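Colleague: return a 3D structure for these sequence lines:
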Amino acid sequence: MVGSKLTEEIMRLPVDFINRMKDKLGDEYEAFERSYEEERAYGLRYNPLKISRENFEKVVLAITDKVKWAKEGYYYNPSLQPGKAPLHEAGAYYIQEPSAMSAAELLEVVPGEVVCDLCAAPGGKSTQLAGKLMNEGMLVSNEFYSSRAKILSQNIERMGVRNAVVLNESTDSMKDAFPEFFDKVMVDAPCSGEGMFRKDDIAIEEWSLSNVEMCAKRQAEILDNAAKILKPGGAMVYSTCTFSDEENEDTVAAFLERNKDFEIEKPSIHEKLLEAGFTERDGMYRLWPHKLKGEGHFAVRFKKKVSDEARNYKRKPMENLAKKQDLKYYEEFAVKTLNTELKGNFIMFGESIYLVPEEMISLKGLKVERAGLKLGMNKKNRFEPDHALALALNPTEVKQVVEATDIEKYLKGDVIECEYDNGWTLVTTDNVSIGWGKATNGVLKNHYPKGLRR
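Modeller: Numbers count the residues shown, from 1 in each chain. Down below sits the predicted model:
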């Protein structure tokens, strides 16, 4: 018998959606409906750029079970509110719906590749891909809406990603700027959001049959543009968080009909996905909330066939490369402060110095939200490091490190004691970098950004 809570949850759903799901699922519909009565699963991923699995499992008390289909994924107890913990501010982990972790796993990125996340905000899949690159190669994360691109950039920074550029462009502009440039492309396309109904009231309010149709048309355009930025022999993953055939299997079939140089490719983790509860048909995967601990999701991996036709694209190199005199104060800072040599190209925006992956080409004419890793600024006769650099460094890479015994005091902007007489010092919590301080006679002046202070 259906309980009162279940009745209330189902009554919130659009009637057209319910009827479609009954037709789609048949005998399985009752099990699907019951999933709305269950508490949804909460997930997070630890960040291998900043913390080891061993340290993560030891210090993050909110985690419970592992997510079977995501290498770094865990479930957590929401009552412990890990999103408010200092380690979250330090970028030790990213809170992400468990099913949403699947798409990046299908892309199977390895260090050294050149990767694009085409519809990237708020940054869950981008930061997951960055963790797989391990700061080798390059990640270009793009978001069409400027307000969301800013959030994306903030999350890239918080997670300590060194080798990412964040753009605020249409996929049509990306097609023209990066023809056949990327080894791997992620297309987590905007969709009607049916798979998120258990967690997102706005998705329910905005849903309609006409919206499903509109999303499918937009997805077709995005996929066709994505196809043009992928190298021959490269891989692309298309994913949505919706159940509709129009946005999933039908969109895939139409894409393959229009793009004869693409085919569906089975990922090496296929068997692992089936064991985790994924449903597979013709190489396409569905995640159903009544079959696994997660929301609704769809994903498929494509391969672009190698062509005999030679295509030689002229790639313009990065502009604004820093000159020797631009780097004078940074180099003095690096000698005094760092144990490592940062790899990439140094570029200038005003008095700010950025580190950009060597693979990056000209950004002229593009709307750039984050031009690589901001190292800091040249000020009068000195270099002042940026907060982004602190988050991107590991404790072993800095000569002076202070493990904050009272991290809340530091996050409030207070001075803390230290063992050093002078110099820039990396502040850590549970051995994870969280910000800068500047030592003076055993006291650490706080350089945690005022806008982030508690």
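
Colleague: now residue 53, what are its backbone angles?
Modeller: Phi and psi for residue 53, reported as degrees, to the nearest 10, are phi -60, psi -40.

Colleague: go on, residue 49?
Modeller: As for residue 49, its main-chain torsions (degrees, to the nearest 10) stand at phi -70, psi -20.

Colleague: ends of stretch 366-379, what's the gap?
Modeller: Chord length of stretch 366-379, first to last residue, is 28 Å (Cα to Cα, to the nearest Å).

Colleague: and it, average pLDDT?
Modeller: Stretch 366-379 shows a mean pLDDT of 96.

Colleague: and what of stretch 117-132?
Modeller: With pLDDT averaged residue by residue, stretch 117-132 scores 98.

Colleague: how far off centre is that stretch?
Modeller: Centre-to-centre, stretch 117-132 and its host chain are 2 Å apart (Cα atoms, centre = their mean, to the nearest Å).

Colleague: partner strands of the longest strand seen in the chain, with direction?
Modeller: Of all the elements of type strand in the chain, the one with the most residues (DSSP state E) is strand 230-240. With DSSP bridges as the test, strand 230-240 is paired with strand 182-188 (parallel), strand 297-304 (antiparallel).

Colleague: and those strands: which comes nearest residue 366?
Modeller: Distance to residue 366, taken as Cβ to Cβ, is lowest for strand 182-188 among these, at 15.0 Å. The C-beta positions use only the backbone N, C-alpha and C, and glycine is treated the same way.

Colleague: can you dump the C-alpha atoms of that closest one in PDB for me?
Modeller: Taking Å, rounded to 0.1, in the frame of the first residue of the first chain, the C-alpha atoms of strand 182-188 are listed here in PDB:
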ATOM      1  CA  PHE A 182      41.100  17.800 -27.800                       C
ATOM      2  CA  ASP A 183      41.900  14.200 -27.000                       C
ATOM      3  CA  LYS A 184      38.800  13.900 -24.900                       C
ATOM      4  CA  VAL A 185      35.500  15.900 -24.700                       C
ATOM      5  CA  MET A 186      32.900  15.800 -22.000                       C
ATOM      6  CA  VAL A 187      29.400  16.900 -22.900                       C
ATOM      7  CA  ASP A 188      27.200  17.000 -19.900                       C
END
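
Colleague: which residues does that strand contact?
Modeller: Strand 182-188 is contacted from outside by 100, 103-104, 107-109, 113-120, 125-126, 129, 137, 140, 222-223, 226, 229-231, 234-240, using Cβ atoms under 8 Å, 6 or more residues apart in numbering.

Colleague: lowest-pLDDT helix or strand in the chain?
Modeller: In the chain, no helix or strand scores lower on mean pLDDT, DSSP states H and E than helix 4-11, which sits at a mean of 68.

Colleague: and the following helix or strand past it, what's its mean pLDDT?
Modeller: Going down the chain from helix 4-11, the next helix or strand is helix 15-25, by DSSP states H and E. Throughout helix 15-25, pLDDT has a mean value of 96.

Colleague: helix 15-25 packs against which elements?
Modeller: helix 29-34 (3 or more Cβ pairs under 8 Å, 6 or more residues apart in numbering; DSSP states H and E).

Colleague: buried sites along the helix it packs on?
Modeller: Within helix 29-34, the residues scored as buried using 16 or more other Cβ atoms under 10 Å are 32, 33, 34.

Colleague: which one of those is nearest to residue 347?
Modeller: For the buried residues of helix 29-34, the minimum distance to residue 347 (Cβ to Cβ) is 51.3 Å, reached by residue 32.

Colleague: surely the closest one meets residue 24?
Modeller: No - applying Cβ atoms under 8 Å as the test, residue 32 and residue 24 come out as separate, 9.0 Å apart.

Colleague: what is the burial count for residue 280?
Modeller: Residue 280 is flanked by 13 other residues according to other Cβ atoms under 10 Å.

Colleague: element containing it, please.
Modeller: According to DSSP H and E, residue 280 maps onto strand 279-281.

Colleague: within the sheet, what are the partner strands of the helix or strand following that strand, with directions?
Modeller: Note on strand 279-281: by DSSP H and E, the next helix or strand toward the C-terminus is strand 284-287. If you go by DSSP bridges, strand 284-287 pairs up with strand 279-281 (antiparallel), strand 297-304 (antiparallel).

Colleague: residue 433: what secondary structure?
Modeller: Secondary structure, DSSP: H, G, I helix; E, B strand; the rest coil: residue 433 is strand.

Colleague: quick one: contacts for it?
Modeller: With Cβ under 8 Å, 6+ apart, residue 433 has these contacts: 50, 90, 160, 390, 391, 392, 393, 394, 395, 398, 426, 427.

Colleague: run the last query once more with 7 Å
Modeller: 50, 90, 390, 391, 393, 394, 395, 426 (Cβ atoms under 7 Å, 6 or more residues apart in numbering).

Colleague: and it, bridged to which residues?
Modeller: residue 428.

Colleague: quick one: pLDDT of it?
Modeller: Predicted confidence (pLDDT) at residue 433: the value is 98.

Colleague: quick one: it from residue 361, how far?
Modeller: Noted for residue 433: a distance of 30 Å to residue 361, by Cβ to Cβ, to the nearest Å.

Colleague: also residue 131?
Modeller: Residue 131 sits 24 Å away from residue 361, taking Cβ to Cβ as the criterion.

Colleague: try residue 121
Modeller: 23 Å.

Colleague: how is this protein carved up into domains?
Modeller: Following the assignment in automatic domain parsing, the chain carries domains at 4-34, 43-304, 394-454.

Colleague: which of those domains sits most buried?
Modeller: Greatest average neighbour count among those goes to domain 43-304 (a mean of 20), per mean count of other Cβ atoms under 10 Å.

Colleague: still on that earlier bit, could you dump the strands paired with strand 230-240 into TSV with mean pLDDT and distance to residue 413 added?
Modeller: Shown next, in TSV, are the strands paired with strand 230-240 (pLDDT from 0 to 100; distance: least, Cβ to Cβ, whole Å):
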stretch	mean pLDDT	distance to residue 413
strand 182-188	98	37
strand 297-304	98	41
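
Colleague: can I get these in CSV with distance to residue 145?
Modeller: Output for the strands paired with strand 230-240, formatted as CSV (distance: least, Cβ to Cβ, whole Å):
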stretch, distance to residue 145
strand 182-188, 14
strand 297-304, 22
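
Colleague: now residue 142: closest residue in space that isn't a chain neighbour?
Modeller: residue 167 (4.5 Å; Cβ to Cβ, 6 or more residues apart in numbering).

Colleague: repeat for residue 72
Modeller: Leaving aside its sequence neighbours, residue 72 sits nearest to residue 45 (Cβ to Cβ, 6+ apart; 4.4 Å).

Colleague: now the host helix or strand of that neighbour - C-alpha only, CSV.
Modeller: Element membership for residue 45 (DSSP H and E) is strand 43-46. C-alpha atoms of strand 43-46 as CSV (Å, rounded to 0.1, in the frame of the first residue of the first chain):
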residue,chain,number,x,y,z
GLY,A,43,27.8,11.9,-2.3
LEU,A,44,31.3,13.5,-2.4
ARG,A,45,34.6,12.8,-4.1
TYR,A,46,38.0,13.2,-2.5
